[in-house]
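> the sequence and its predicted three-dimensional model are supplied below.
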Amino acid sequence: MSVQRPRVTVFDTTLRDGEQSPGCSMNQPEKLRLAQQLDRLGVDVIEAGFPIASDGDFESVKAIATVVRRPIIAGLARACEADIRRAWDALKYAARPRIHVFLATSDIHLQYKLRITRDQCVAQAREAIRLAKSLCDDVEFSPEDATRTDPEFLCRVLEAVIEEGATTLNIPDTVGFTVPTEFAELITMIRQRVKGIDNVVISAHCHNDLGMAVANAMAAVGAGARQVECTINGIGERAGNASLEEIVMAMRVRPDRYPYETGVVSEQIYSSSQMLGEITGVPVQPNKAITGRNAFAHEAGIHQDGVLKNPLTYEIMTPQSVGVPDSKLVLGKHSGRHALSIRCEQLGYQFDRRALDDIYRRFVRLADKIKHVEDRHLLELIRDTHKPSGSATPLIEPLASGKPAAVNASEANVAPETETAAPAPSPEPMRPFPASTQTNPFGVPMPAHSDPHHEQTQQEDYLWGV
Ligand code: KIV
Ligand code: ZN
């Protein structure tokens with residue numbers, strides 16, 4: 001009998017908290033386009049903006065509320081009448097509106113920012129939720145800076161807003177200060193101490209100032225939170241928010257540790273990330289988990305060889321599962337012959353062992369100079385290696401006859417018989433791509449395996465790639 005896993009609500013705040021990150025502001029058509037993509041991505045809640053912040057934000061929230069009908073559309077409001085009414089004016093067009101009210105609760109915010117007492121804070125929170133509830137059934141409350149709030153006082157505020165009808169209680173780690181064990185304890189304490197907590201949804205909203213936003217959000221889910229607030233590519237105030245794609249894929253890749261479901265269509269992750277980057281002009285850091293351009297790229301020869309033989313060797317999820325079109329084998333100085341020969345085949349060339357040795361040696365020299373060898377370089381290299389001497393300017397110096405200078409550890413390991421400068425055979429004529437009908441699980445064409453030395457070559461690739 002299969003057990004139903006608990007469902008975690010994915011609340012996307014790319015258009016609100018995400019947009020607060022420097023350089024990430026978006027205009028109304030851009031926000032609407034991204035909201036439609038978030039709908040395709042399958043998020044449960046889209047926080048479309050902060051309607052009182054500007055007329056542009058108001059119009060964006062209104063447009064999204066009008067057009068995007070499946071998810072809940074949320075709008076942010078401070079705990080005051082003008083904000084709440086303005087939020088509702090934009091949200092009332094939504095099929096499923098939510099007013100999200102926030103009020104700081106930590107002493108440091110009460111004293112220095114709001115200049116109110118704790119009692120005033122409770123009263124203001126109550127009044128705000130009462131008003132929001134009179135307009136909209138679905139009301140979320142966030143005690144800003146919750147993780148630096150006195151726990152007793154936090155419980156008092158949470159109980160008060162539940163009494164006024166709040167349906168989701170969001171616990172923000174506003175300044176990215178908490179750590180996973182502590183945050184889990186906080187959620188557990190809230191579940192044990194706050195009256196009425198079983199009738200509302202607990203949410204986690206984590207910032208990444210210590211690089212722990214996703215870990216904190218996951219710890220909160222483990223302790224009973226059933227909504228996570230997050231953004232595409234982890235954009236957001238300062239160091240950003242918890243990244244949606246990391247949270248979703250952590251649950252998908254490690255159901256043994258995170259046995260929860262989300263409604264996210266993971267195959268839409270990559271296009272959502274790309275769209276956000278294209279709209280904001282803010283590129284994703286190359287090594288960003290899941291959505292960075294190197295997340296599925298393998299340069300080290302051992303890794304390339306392993307991935308080509310079986311992707312499970314170095315990949316814990318398939319690129320396709322997050323919508324990345326293909327695994328990218330980056331050809332650089334750490335690459336092995338196996339990867340080089342596959343790429344040559346993809347370009348329409350198949351070489352015997354000796355010719356491949358020759359090309360490989362030249363390739364390593366080139367990679368030492370230009371870091372990433374792209375297809376055009378490789379084609380030039382192939383042409384260059386096999387052209388009659390004295391013709392067009394070579395991209396790299398031709399190999400000197402006799403012992404070539406070792407340019408890196410790979411080349412220093414070349415077996416003696418492959419180092420002698422034998423006349424290179426011509427490449428086989430161009431063959432239509434794909435070079436073979438066999439493909440690996442990523443759809444990358446695999447060699448035809450007609451080479452009797454195949455097993456030996458694979459073993460050598462392992463050594464060469466070091
Ligand atoms: O970080 C924060 O505290 C917020 C609230 C408005 C939820 O973004
Ligand atoms: Zn925030």
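It's in. All figures in this text were calculated on a predicted structure; none of them were measured in a lab. Ligands and ions are numbered 1, 2, ... in the order given.
> tell me the residues of the stretch 151-300 of the chain that contact ligand 1?
N170, P172, T174, H205, H207 (C-beta under 6 Å from any ligand atom). (Each C-beta comes from the backbone N, C-alpha and C, glycine too.)
> between these, which sits nearest R96?
Nearest to R96 out of those is N170 (C-beta to C-beta; 17.3 Å).
> secondary structure element for that closest one?
strand 168-173 (DSSP states H and E).
> partner strands of that strand and their direction?
Strand pairing for strand 168-173, using DSSP bridges, gives strand 139-144 (parallel), strand 201-206 (parallel).
> contacts only, for V3.
Residues in contact with V3 (C-beta atoms under 8 Å, 6 or more residues apart in numbering): none are found.
> assign it to helix, strand or coil.
Three-state call for V3 (DSSP: H, G, I helix; E, B strand; the rest coil): coil.
> need the next SSE after the strand holding N170, C-terminal direction.
Next along from strand 168-173, by DSSP H and E: helix 180-193.
> re earlier: okay, the angle between the strand holding N170 and helix 180-193?
Inter-element angle recorded for strand 168-173 and helix 180-193: 150 degrees (by axes from the mean of the first three to the mean of the last three C-alpha atoms, to 10 degrees).
> strand 168-173 - what's its average pLDDT?
Mean pLDDT, computed over strand 168-173, is 99.
> residues in contact with it?
Counting by C-beta under 8 Å, 6+ apart, 98, 100, 102, 138-147, 158, 161-162, 183, 186-187, 190, 194, 197, 200-207, 213, 216, 220, 225, 227, 229 sit against strand 168-173.
> 7 Å instead?
Under the contact criterion C-beta atoms under 7 Å, 6 or more residues apart in numbering, strand 168-173 has outside partners 140-142, 144, 146-147, 158, 183, 186-187, 190, 200-207, 216, 227, 229.
> ok so, going back, can you convert the strands paired with strand 168-173 into CSV and add a column each for mean pLDDT, mean neighbour count and distance to A239?
Formatted as CSV, the strands paired with strand 168-173 follow (pLDDT from 0 to 100; neighbours: other C-beta atoms under 10 Å; distance: least, C-beta to C-beta, whole Å):
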stretch, mean pLDDT, mean neighbour count, distance to A239
strand 139-144, 99, 26, 17
strand 201-206, 98, 26, 11
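> out of the ones you listed, which is closest to E278?
Of those, nearest to E278 by C-beta to C-beta is strand 201-206, at 26.2 Å.
> quick one: buried residues of stretch 95-110?
For stretch 95-110, a neighbour-count test (16 or more other C-beta atoms under 10 Å) marks 96-106, 109-110 as buried.
> low-scoring stretches of the stretch 201-350 of the chain, by residue?
Counting by pLDDT under 70, the stretch 201-350 of the chain contains low-confidence ranges at 326-328, 346.
> show me where it has its helices.
In the stretch 201-350 of the chain, the segments counted as helices under DSSP state H, counting those that start in this stretch are 213-222, 244-253, 269-280, 301-309, 337-346.
> switch these over to JSON lines; also include mean neighbour count.
Shown next, in JSON lines, are those (neighbours: other C-beta atoms under 10 Å):
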{"stretch": "helix 213-222", "mean neighbour count": "25"}
{"stretch": "helix 244-253", "mean neighbour count": "23"}
{"stretch": "helix 269-280", "mean neighbour count": "20"}
{"stretch": "helix 301-309", "mean neighbour count": "23"}
{"stretch": "helix 337-346", "mean neighbour count": "23"}
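> one step back: now do the strand holding N170 and helix 213-222, the angle between them.
Using the same axes, to 10 degrees, strand 168-173 lies at 140 degrees relative to helix 213-222.
> and stretch 302-316, end to end?
16 Å (C-alpha to C-alpha, to the nearest Å).
> same deal with stretch 304-323?
Terminal-residue distance, stretch 304-323 (C-alpha to C-alpha): 21 Å.
> buried sites along that stretch?
So for stretch 304-323, counting by 16+ other C-beta under 10 Å, buried means 304-308, 311, 314-315, 317, 319-323.
> please apply the same query to stretch 160-173.
160-162, 164-173.
> and the furthest pair within these?
G165 and D173 (25.0 Å).
> sorry, back to before: so for E267, which of the strands paired with strand 168-173 sits nearest?
strand 201-206 (25.1 Å).
> and the angle for that closest one with helix 244-253?
120 degrees.
> for strand 201-206, output the C-alpha coordinates as CSV.
C-alpha atoms of strand 201-206 as CSV (Å, rounded to 0.1, in the frame of the first residue of the first chain):
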residue,chain,number,x,y,z
VAL,A,201,-0.5,26.4,7.6
ILE,A,202,3.0,27.2,8.9
SER,A,203,5.3,28.6,6.3
ALA,A,204,9.1,29.2,6.1
HIS,A,205,10.6,32.3,4.5
CYS,A,206,14.4,32.1,4.6
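> nearest spatial neighbour of Q28, chain-adjacent residues omitted?
S60 (4.6 Å; C-beta to C-beta, 6 or more residues apart in numbering).
> the one you found against G49, yeah?
Yes. Here S60 reaches G49: they are 5.2 Å apart, a contact under C-beta atoms under 7 Å.
> neighbour count: these two, which is higher?
Higher neighbour count among S60 and G49: G49, with 32 against 28, using other C-beta atoms under 10 Å.
> list the contacts for the more buried one?
L15, R16, D57, S60, V61, G75.
> show the buried residues in those residues.
If we count by 16+ other C-beta under 10 Å, these have these buried: L15, R16, D57, S60, V61, G75.
> my guess is the last one meets P51, correct?
Yes. Counting by C-beta under 7 Å, G75 does reach P51; the two are 5.1 Å apart.
> touching both of these two, which residues are there?
By C-beta under 7 Å, 6+ apart, the residues touching both G75 and P51 are V61, A87, A90.
> excluding covalently adjacent residues, which one is nearest to the first one?
Excluding the flanking residues, the one nearest V61 by C-beta to C-beta, 6+ apart is A90, at 3.9 Å.
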